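Asks: I would like the atomic coordinates for the input below:
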Amino acid sequence: MSDLLISALQRADDKTPINGARRRGAAAAVGPAEDSDTASAATLAAAHDHDVAQGRDSANARKIRAMRETIELRTATAGYHRELAVLQRDRSRLEVLSATEERLERRAARRVRGLSRRHDVATAVAAARLDGRGRRAERQLARADATDQVWQRRALARRRRLLDPTSRLASLQRTHVGVSLVLMAVAIAGIAWTSMGVHDALVGPDGTPLAYIVEPLFSMPLLVIMTLHARAAQWGRTFPAPENRTRIRLLEAFLLLATMTINAAPVLPVLGTWHNVTTLLGHLAPPVLIVVAIVLQPLAAAFLATILEEAHVDVADAGSTRLAADTVDTLTLVTKVRAAIASGELELWAQTGLPSVEAIRRYFGCEKRRAQGVHDALKLLAAGDSANPG
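Replies: Numbers count the residues shown, from 1 in each chain. The predicted model follows:
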């Protein structure tokens, strides 16, 4: 628009008269040539007109320049306002932060970074603790598994020992030895205790050491009798023999009474100095322990010997027979079952007249399969006996 106005003003400056006058080049094109007087007058007039025209031209030029400057100023102002309007409508200028906002943004960013660091540290610590708990749990599970395996192996070994007749016999023998040693230790402890009491009663605490052997002189024969009872029970015999039983019983009673009298004499009212009942019981306790050991030893030995004698052991070698080892075992058990039935140790079923499979298994401590074979053999023998009563 401004460019069009400027070009129009330039064209008007060249062609259009200002204040009723034309430009300098236009005078030459008016009318024909005059004579010299007229020419001189015209020349003077033309010169005057030229001077006037020059003055007018300079005034018009100033006006045009002023108008041009005004138009250019207005054009520049209009362009500035248009650019300002476009700039005002631009949303990016609203995103420019002030100094206060910049400080707040930096503060918020520092806080966010701090929170992020603390979160990372807490996450790493939690992961490490979780890994530690996982490792501890794995170690505990491993220890539990190892413990279970140990107990499983112990249980399997015990099961094998319980099912194996030889292992059962070995366990029974260990029990027999342990019981014998315990009872012997009780008897020896009782003898040592009574020896101290008898020594102090006879010669005092500072007396001769020979007084320690007084009480064993009465107790040691009791130990000998106890050992003979145990060995006789192991062999299925009775000690003493019927013709000597009365004398042995009297000897045992005399030795026990003498041992109890020697120990209790120092605290009895007539033979010694009476203190109280507790003191009397303390002096009688060792002989009583000796009596308990003497009574229990033959009973335990007889019971365990009976079990050892009647326990069944599988035959590993049939020897010179033509029968298989299982057949020999079955026949051996059949013979023992019949002996147990005759002695009344195995009960019979009213329906079959034979002991049950479970009763046979419990009595001999054998496997159920072998007890079933023995029961079947007994049925066959019972059927044969009923078919041939003669």
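Asks: and for residue 127, the neighbour number?
Replies: 10 (other CB atoms under 10 Å). Using the backbone N, CA and C atoms, a C-beta is placed for each residue, glycine as well.
Asks: quick check, pLDDT for it.
Replies: Residue 127 carries a pLDDT score of 94 in this model.
Asks: which strand or helix spans it?
Replies: Take DSSP states H and E as the rule and residue 127 turns out to sit in helix 99-163.
Asks: starting at the chain centroid, how far to that helix?
Replies: 13 Å (CA atoms, centre = their mean, to the nearest Å).
Asks: one more: stretch 79-92?
Replies: 74 Å.
Asks: residues in contact with that stretch?
Replies: residue 93 (CB atoms under 8 Å, 6 or more residues apart in numbering).
Asks: buried residues, that stretch. List them.
Replies: By neighbour count with 16 or more other CB atoms under 10 Å, stretch 79-92 contains no buried residues.
Asks: only C-alpha atoms, please: export that stretch in PDB.
Replies: Extracted in PDB, the C-alpha atoms of stretch 79-92 (Å, rounded to 0.1, in the frame of the first residue of the first chain):
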ATOM      1  CA  GLY A  79       3.600  -3.000  10.200                       C
ATOM      2  CA  TYR A  80       4.800  -2.600  13.800                       C
ATOM      3  CA  HIS A  81       1.200  -3.000  15.000                       C
ATOM      4  CA  ARG A  82       0.600  -6.000  12.800                       C
ATOM      5  CA  GLU A  83       3.700  -7.700  14.100                       C
ATOM      6  CA  LEU A  84       2.800  -6.700  17.600                       C
ATOM      7  CA  ALA A  85      -0.700  -8.200  17.100                       C
ATOM      8  CA  VAL A  86       0.900 -11.400  15.800                       C
ATOM      9  CA  LEU A  87       3.300 -11.500  18.700                       C
ATOM     10  CA  GLN A  88       0.500 -10.900  21.200                       C
ATOM     11  CA  ARG A  89      -1.400 -13.900  19.800                       C
ATOM     12  CA  ASP A  90       1.700 -16.200  20.100                       C
ATOM     13  CA  ARG A  91       1.300 -18.600  23.100                       C
ATOM     14  CA  SER A  92       5.000 -19.100  23.500                       C
END
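Asks: can you show me the helices along the protein?
Replies: 2-15, 36-88, 99-163, 165-203, 214-234, 245-264, 277-310, 325-343, 357-364, 368-387 (DSSP state H).
Asks: could you say what helices and strands the helix holding residue 127 packs with?
Replies: helix 165-203 (3 or more CB pairs under 8 Å, 6 or more residues apart in numbering; DSSP states H and E).
Asks: residue 97 and residue 281, how far apart?
Replies: 104 Å (CB to CB, to the nearest Å).
Asks: again with residue 251
Replies: 26 Å.
Asks: with neighbour numbers in mind, choose between those two.
Replies: residue 251 (15 against 12).
Asks: neighbours of the residue lying closest to residue 375 once chain neighbours are set aside, how many?
Replies: Nearest non-adjacent residue to residue 375, counting by CB to CB, 6 or more residues apart in numbering: residue 357, 4.9 Å away. As a burial measure, residue 357 scores 17 neighbours (other CB under 10 Å).
Asks: ok, residue 357 - contacts?
Replies: So residue 357 contacts 368, 371, 372, 375 (CB under 8 Å, 6+ apart).
Asks: in terms of mean pLDDT, which of the helices of the chain ranks lowest?
Replies: helix 2-15 (a mean of 51).
Asks: since we're on residue 332, how many residues are nearby?
Replies: 16.
Asks: now do the domain split for the protein, please.
Replies: 2-23+39-89, 132-163, 168-310, 325-387 (automatic domain parsing).
Asks: quick check, distance from the third one to the centre of its chain.
Replies: Meaning domain 168-310. 55 Å.
Asks: and what of stretch 86-95?
Replies: Using CA atoms, centre = their mean, the offset of stretch 86-95 from its chain centre is 67 Å.
Asks: next up, the contacts around residue 156.
Replies: No residues are in contact with residue 156 under the rule CB under 8 Å, 6+ apart.
Asks: going forward, begin numbering at 42 instead of 1
Replies: Understood, numbering begins at 42; the last thing we discussed is residue 197.
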